[in-house]
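A.B. asks: From the sequence below, what's the structure:
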Amino acid sequence: MSPASYAAPSRPKRRGRWRLALMLPAGLCLLAGLDAALILLDVPAPVQIAAWGPAHSLAMVFGFVGALIALERAVAWGRAAGYAAPVLLALGGGSQLFAAPRALTGTLLILGMATLLATYYPLWRRQRADAVLIQMLGACAGLGATVLYAGGVEISLLLPWLAAFLVMTIAGERVELARIQLTSRSQALAVVLNVALLMSAAASTLFVQAGTVLFGLVLCALVLWLAVNDVARRTVKLKGAPRYMAACLLAGYFWLLVAGVVWMLGYPAGSGAYDTAVHAVFLGFVMSMIMAHAPTILPAVLAIDLPYRQAMWPPVILMHAGLVIRLWLGNGLGGQLAWQVGGVLNVVALLLFVFVALASALLALTSAPTSGKESVK
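C.D. replies: Residues are numbered from 1 along each chain as shown. All right, here's what the predicted structure looks like:
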């Protein structure tokens, strides 16, 4: 998710479409991860493999989202070596789907995150911006998570590390986009908050109860900073693509705040509160941000046109409605059926968004150029 200011020099679109092949492993991790989600919900799934359930987290966080981030960073760097990161992360994130030894999965993920972190160095040299520094901190959190995983730490204890990886990566991009209106003091505060988030993730491993509460406090402070300083508060009043993106961003901030509050209150692994924290972050925040940025980021990364269309709204609305049903009626009020229904709606929403994005890209490919006019159908 790169700000244009430190992206690699632009090239003809047709020369970058080979990157679609690198998205294939990540796309497969997404589909397998969604199938695994249905297995965990104890509802019928297209592929019923018991081992897929425990592999859900790694497949989604590293195999899909992490690989997508790494691919975008590689494009921003513009060197062939950078493309090793998305491949390694997709292979590592998906390896558990095939019951690979933990040592193999851990090694692939460590190499992938180390490569991603190394990719940030030339970007930092190109522009020593706070936004790049924050994303580097996020990569450090991701690398820390993979090292701990390889060392035998359970996924439930790695949750703050995984959340910090994705939250800081996205926060860095939002800082970049808001930099024109930010004072130097406000940008410095953003860096401090992100450093604190990384340190509190480490504290949550060393001092589980106190560290988890601290992580929640810092996360709430960071999301409030983002919500107050994000241009989305103004662009949501516009029409078309700006309103769509802003609505996704603001909804994502809401769910991230929910996760922060749950962390402050503490959550035992396997509880409804734990499920709320997990899906408020990785669905409510992360997936909402991906949906928001898809029309602007994916064209630059994959060298395809993906114009905004009104059809992108239903998947977003369905996903957030599913989260309300799952987290409030299901986890909050103890309704097992609501928990399952909400989870299924989340899976359907993500699949529907993938379908809409593919259809939008194909329509753009087959239609005549519109001279930059925005499509609204």
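A.B. asks: just checking, next helix/strand downstream of the helix or strand hosting Ala67?
C.D. replies: Here Ala67, judged by DSSP states H and E, is contained in helix 67-77. Using DSSP H and E, the helix or strand that follows helix 67-77 in sequence is helix 84-95.
A.B. asks: Which residues does the next helix-or-strand element following that following helix contact?
C.D. replies: Following helix 84-95 in sequence order, the next helix or strand is helix 102-126 (DSSP H and E). Contacts with helix 102-126, where a contact means Cβ atoms under 8 Å, 6 or more residues apart in numbering, come from 6, 58, 62, 66-67, 69-70, 73-74, 76-77, 79, 81-82, 84-89, 91-93, 95-96, 132-133, 135-136, 139-140, 142-143, 145-147, 149-152. C-beta coordinates here come from the backbone N, C-alpha and C atoms, glycine included.
A.B. asks: the inter-axis angle of the next helix or strand after helix 102-126 versus helix 67-77?
C.D. replies: Going down the chain from helix 102-126, the next helix or strand is helix 130-150, by DSSP H and E. Per axes from the mean of the first three to the mean of the last three Cα atoms, to 10 degrees, the angle that helix 130-150 makes with helix 67-77 is 140 degrees.
A.B. asks: From the chain's centroid, how far away is the helix holding Ala67?
C.D. replies: The chain centroid and the centroid of helix 67-77 are separated by 13 Å, computed with Cα atoms, centre = their mean, to the nearest Å.
A.B. asks: Let me see the mean pLDDT of that helix.
C.D. replies: Throughout helix 67-77, pLDDT has a mean value of 93.
A.B. asks: Could you list the buried residues of the helix or strand hosting Trp339?
C.D. replies: Here Trp339, judged by DSSP H and E, is contained in helix 336-366. For helix 336-366, the neighbour count (16 or more other Cβ atoms under 10 Å) marks 338-347, 349-350, 352-354, 356-357, 360-361, 364 as buried.
A.B. asks: In ChimeraX, how would I select just the buried ones from the contacts of helix 102-126?
C.D. replies: The following ChimeraX line selects those of the contacts of helix 102-126 that are buried, judged by 16+ other Cβ under 10 Å:
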select :6,58,62,66,67,69,70,73,74,76,77,82,84,85,86,87,88,89,91,92,93,95,96,132,133,135,136,139,140,142,143,145,146,147,149,150
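A.B. asks: quick one: low-confidence parts of the protein?
C.D. replies: 1-16, 268-270, 368-377 (pLDDT under 70).
A.B. asks: mind redoing it with 50?
C.D. replies: 1-12, 368, 370-377 (pLDDT under 50).
A.B. asks: centroid residue for it?
C.D. replies: Taking Cα atoms, centre = their mean, the centroid of the chain lies closest to Val286, which sits 3.8 Å from it.
A.B. asks: wait, what's in contact with that one?
C.D. replies: Contacts of Val286 by Cβ under 8 Å, 6+ apart are Val65, Leu166, Ile170, Gly252.
A.B. asks: Inside helices: which ones of the residues you listed?
C.D. replies: Applying DSSP state H to those, the entries found in helices are Leu166, Ile170, Gly252.
A.B. asks: What is the nearest of those residues to Ala178?
C.D. replies: Ile170 (12.6 Å; Cβ to Cβ).
A.B. asks: And the strands in the stretch 151-300 of the chain?
C.D. replies: Assigned by DSSP state E, counting those that start in this stretch, the stretch 151-300 of the chain shows no strands.
A.B. asks: And the helices in it, which stretches?
C.D. replies: Listed in chain order, the helices found in the stretch 151-300 of the chain under DSSP state H, counting those that start in this stretch are 155-177, 184-206, 208-229, 232-235, 241-265, 272-279, 288-302.
A.B. asks: Nearest to Leu327 among these would be which one?
C.D. replies: Here helix 272-279 is closest among the helices of the stretch 151-300 of the chain (Cβ to Cβ), at 4.8 Å.
A.B. asks: which helices and strands sit right next to that closest one?
C.D. replies: Helix 272-279 sits against helix 155-177, helix 241-265, with contacts defined as 3 or more Cβ pairs under 8 Å, 6 or more residues apart in numbering; DSSP states H and E.
A.B. asks: hmm, who's touching the helix holding Ala67?
C.D. replies: Around helix 67-77, the neighbours that count as contacts under Cβ under 8 Å, 6+ apart are 1-2, 6-8, 16, 19, 22-23, 25-26, 29, 82-83, 85-87, 89-90, 93, 112, 115-116, 119-120, 122-123, 166, 169, 290, 297, 300-301.
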